[in-house]
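> Here's a sequence, model it:
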Amino acid sequence: MSFKGFRVISLVPSWTETLIEAGVCVVGRTRFCIHPANAVARIPSVGGTKNLNIAKVLELKPDFVILDEQENTFAMAEQLQLAKIPLLISNVTDGMSAAVFLAKLGAVLNQPQMGDWATRYRQLPNSDPLRFRREITLQGEWPTEPVKKIDYVIWRKPWMVIGQKTFIADSLKRGGLIVTRTELYPEVDESELKKSFCLFSSEPFPFEKDYKKLIAEGFKGVVVDGEKMSWYGIRNLLFLERCL
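The predicted structure is shown next:
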């Protein structure tokens, strides 16, 4: 793959993957930007999603740095602004906002393919529920009867789940799974969680290794692919298209 045009640093893992797949010249990333593996191995890290080595950023002489309001911190944006580096900042809360920012990236970086992906996002119909469940499930079985209440679990100690106004909840809704919690990322009691059918995300907490223990402790649920569900951009788009 040949890269051309603007020099871009991406501090958002899913945007990093999307930019590389579109042929953008990504010159810096975070250590959590792991896809596509062969490409990111050759791109220097400038820190994490919550911290930044501004000296490394300046060495790379980027034309733009890409951040997300939920993924990154205000302090990071402030550092970059003080260094007079142009920023492109997303605020992705659903498929439509992902499409809007994709279109913006395509226009600013002169990458028409990203504009095409944005159009595909906007035109996506709802998923086939059975295909959706099959695609996301890494471990466990879904019940044959309808699931009355779900919780998408992202952390343990404390237990944390997602709320309605998140990108993950919007993706779940496309597959016929409705999140009812109104807080963004609420903490919940273990006893309360055991009343739900849980979708234990493979990231950021590695629930895959604990699945059998969780079931033995009285939880009901499956382990799901957190990257497909939360990596807005090309990964989530292709996943949803496979679910039609």
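
> Only C-alpha atoms from now on, for both contacts and neighbour counts.
Fine.

> Which residues does stretch 63-81 contact?
With contact meaning Cα atoms under 8 Å, 6 or more residues apart in numbering, stretch 63-81 is reached by 6-12, 15, 49-52, 54, 85-92.

> Quick one: end-to-end distance for that stretch.
Using Cα to Cα, to the nearest Å, the span of stretch 63-81 from its first residue to its last is 13 Å.

> Going forward, the N-terminal residue is numbered 30.
Sure, I'll start counting at 30 from here, so that last one is stretch 92-110.

> Buried residues, it. List them.
In terms of neighbour count (16 or more other Cα atoms under 10 Å), stretch 92-110 has its buried residues at F93, V94, I95, L96, D97, N101, M105, A106, L109.

> From those, which land in helices?
The members of the buried residues of stretch 92-110 that map onto helices under DSSP state H are M105, A106, L109.

> Relative to L269, how far out is the last one?
What it means is L109. For L109 relative to L269 (Cα to Cα), the value is 34 Å.

> what do you get for the first one?
Using Cα to Cα, M105 is found at 32 Å from L269.

> Mind checking what secondary structure L153 has?
coil (DSSP: H, G, I helix; E, B strand; the rest coil).

> Just list the residues touching it, thanks.
When contacts are counted by Cα under 8 Å, 6+ apart, L153 is found next to L269, E270.

> repeat for F229
Here F229 is in contact with Y181, V182, I183, F236, G250, V251, V252, V253 (criterion: Cα under 8 Å, 6+ apart).

> hang on, the earlier thing: what's the farthest-apart pair in the buried residues of stretch 92-110?
Using Cα to Cα, the buried residues of stretch 92-110 reach their maximum pairwise distance at F93 and N101, which is 15.4 Å.

> coming back round to it: could you dump the ones in helices among the buried residues of stretch 92-110 into TSV with pLDDT added?
Converted to TSV, these look like this (pLDDT from 0 to 100):
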residue	pLDDT
M105	98
A106	98
L109	98
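
> okay, these in a markdown table with distance to K224 next?
Converted to a markdown table, these look like this (distance: Cα to Cα, whole Å):
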| residue | distance to K224 |
| --- | --- |
| M105 | 39 |
| A106 | 40 |
| L109 | 45 |
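
> Distance check, E221 against M258.
Separation of E221 from M258 (Cα to Cα): 23 Å.

> what does the average pLDDT come to for the longest helix seen in the chain?
What stands out as the longest helix in the chain, according to DSSP H, is helix 124-137. Taken as a whole, helix 124-137 has an average pLDDT of 98.

> And that helix, what does it pack against?
Packed against helix 124-137 by the contact rule (3 or more Cα pairs under 8 Å, 6 or more residues apart in numbering; DSSP states H and E) you find helix 141-151, helix 196-203.

> buried ones in it?
G124, M125, S126, A127, A128, V129, F130, L131, A132, K133, L134, G135.

> Name the nearest residue to the fifth one, sequence neighbours excluded.
Just to be clear, that refers to A128. Excluding the flanking residues, the one nearest A128 by Cα to Cα, 6 or more residues apart in numbering is A147, at 4.3 Å.

> Relative to P154, how far out is that neighbour?
With distances taken as Cα to Cα, A147 is found 14 Å from P154.

> more neighbours, those two?
Between A147 and P154, counting by other Cα atoms under 10 Å, A147 is the more crowded of the two (26 against 13).

> dump the residue contacts of that one.
A147 makes contact with A127, A128, V129, L131, A132, according to Cα under 8 Å, 6+ apart.

> how much space between it and T78?
Per Cα to Cα, A147 is found 24 Å from T78.

> can you check E237 too?
Distance check for E237 against T78: by Cα to Cα, it reads 23 Å.
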